[in-house]
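[1] please find the sequence and the predicted model below.
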Amino acid sequence: MLRTALYQTHKRLGARLIDFGGWEMPVMYGGIAEEHVYTRTVSTIFDVSHMGRLVLTGPDAEAVLQYVCTRNVAKLAVGRSGYSHVCNADGGVMDDVIVSRDEKRWIVVCNAGNREKVVAHLLEQLRGRNASLEDTTQQTVMMAVQGPATMRLFAEHMPIKIDEMKRYGFASGKYMGQAYTVFRSGYTGEDGLEIVVSAATGALVWDYLTKDGGQDRPTIKPAGLGARDTLRTEAGMPLYGHELTEQTDPLSAGCGWCVELEKSFIGVEALRRIAADGPRRKITGLILDGRRIARQDSKVYDGEAEVGIVTSGTFAPTLQKSIAMAFIDAPLSKEGQSLEVGIKDGRAPATVVCLPFYKRRF
């Protein structure tokens, strides 16, 4: 397995490490629920260095990304990021990515398990074009600092005018001679930042940001991928390998807002057909009775008829309810619909609800 530059920091902090997308990553430091609640109420820091960080430069970089991405990236202004899908010819999702336009480069953040596939796909499209790609994943560190106190605490640490940065904005610069890029984005449903620095300085930045605040201010505490997953599920955010796969399309997955069907891109013809006919199944929120958890691939029933399949499920610490995301037959995906979810010891009654389960007003 690969290790991020923060591996020894995680070991020192007593993190429980697991294989995630081919990387040895911290799933938790103390407890998932505790880290989840602290993110929702104060601020936590996640090591997300396993995610791919690709840099494209050259006159043809925009045209290539425009053809590869479902989003109209040409509309992105300098200093702005946009969520997009990368599809295959059948409209299936190869990966979901964040694309950012800098003054002289484009930055693409992709999922760890899809990095090699996305790099190969981009290189194929770059062939014969006046543009180049650099994979900076292992030369850099990326940390996500998330929670309602994040912006204030970060402003005390770093000389960046983050209060002037809008959601999905970013800034690059140097601090004490070290290059950084800071994005105001995240994957938790909270306000927050994602910070990219060199691998050599990653541990120093982590320790600096997590200094004990004592009586003067709260402390930014570490959180693992376990809390990151429960947080994103509450926020109704898709995860590759669950809600998104090469067998599912963006429209059925509820991500039509990041698809520009008027432009040409790989998979657009298939998606136009799905849009015209309507998705057969739609991603849907479910709240289950009781505390039993619906696991991925659990079947969803309307009476004796199988009408869907669970993609993600957890007991939500914020809501104190058992929640799930599932692909449900489109006619039954309306709010308030009563269904049942197959679980280990039988079936649990469930009610269809609109996503997200949790939403903070920024």
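    Thanks, I have it.
[2] from now on I want contacts and neighbour counts done on CA atoms only, so please keep to that.
    OK.
[3] mind checking how far Ile45 is from Glu306?
    41 Å (Cα to Cα, to the nearest Å).
[4] more neighbours: those two, which one.
    Ile45 (24 against 16; other Cα atoms under 10 Å).
[5] need the three-state assignment for that one.
    Three-state call for Ile45 (DSSP: H, G, I helix; E, B strand; the rest coil): strand.
[6] if I look at it, what pLDDT would I see?
    Reported pLDDT at Ile45 in the predicted model: 98.
[7] these two touch, right, it and Ile220?
    Yes - with contacts counted by Cα atoms under 8 Å, Ile45 reaches Ile220, the gap being 6.5 Å.
[8] helices along the stretch 101-250 of the chain, start to end?
    Ranges of helices in the stretch 101-250 of the chain, per DSSP state H, counting those that start in this stretch, are 115-126, 150-157, 202-209, 225-234.
[9] same check on the stretch 251-362 of the chain?
    So, for the stretch 251-362 of the chain - with DSSP H, counting those that start in this stretch - the helices run 268-277.
[10] could you list the low-pLDDT ranges of it?
    For the stretch 251-362 of the chain, applying pLDDT under 70 flags the ranges 362.
[11] how about the helices of the stretch 101-250 of the chain, which one is nearest Gly79?
    helix 150-157 (18.1 Å; Cα to Cα).
[12] and that closest one, what does it pack against?
    With contacts defined as 3 or more Cα pairs under 8 Å, 6 or more residues apart in numbering; DSSP states H and E, helix 150-157 has these neighbours: strand 192-198, helix 202-209.
[13] CA atoms only: put that helix into PDB for me.
    Taking C-alpha atoms only, helix 150-157 is exported to PDB below (Å, rounded to 0.1, in the frame of the first residue of the first chain):
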ATOM      1  CA  THR A 150     -12.700  26.400  10.600                       C
ATOM      2  CA  MET A 151     -12.700  29.800   8.900                       C
ATOM      3  CA  ARG A 152     -12.000  31.700  12.100                       C
ATOM      4  CA  LEU A 153      -9.400  29.300  13.400                       C
ATOM      5  CA  PHE A 154      -7.600  29.100  10.100                       C
ATOM      6  CA  ALA A 155      -7.500  32.900   9.700                       C
ATOM      7  CA  GLU A 156      -5.700  33.000  13.000                       C
ATOM      8  CA  HIS A 157      -3.000  30.600  11.700                       C
END
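[14] distance from it to the middle of the chain?
    22 Å (Cα atoms, centre = their mean, to the nearest Å).
[15] show residues contacting that helix.
    Val42, Ser43, Thr44, Lys161, Ile162, Asp163, Asp191, Gly192, Leu193, Tyr208, Leu209, Ile220 (Cα atoms under 8 Å, 6 or more residues apart in numbering).
[16] who wins for most neighbours among those residues?
    Most surrounded of these: other Cα under 10 Å gives Ser43, at 29 neighbours.
[17] phi, psi for the closest residue to that one other than its chain neighbours please.
    The shortest distance from Ser43 to any non-neighbouring residue, by Cα to Cα, 6 or more residues apart in numbering, is to Gly147 (4.2 Å). Per-residue torsions, Gly147: phi 140, psi 160 (degrees, to the nearest 10).
[18] re the thing from before, looking at the helices of the stretch 101-250 of the chain, which has the lowest confidence?
    helix 150-157 (a mean of 86).
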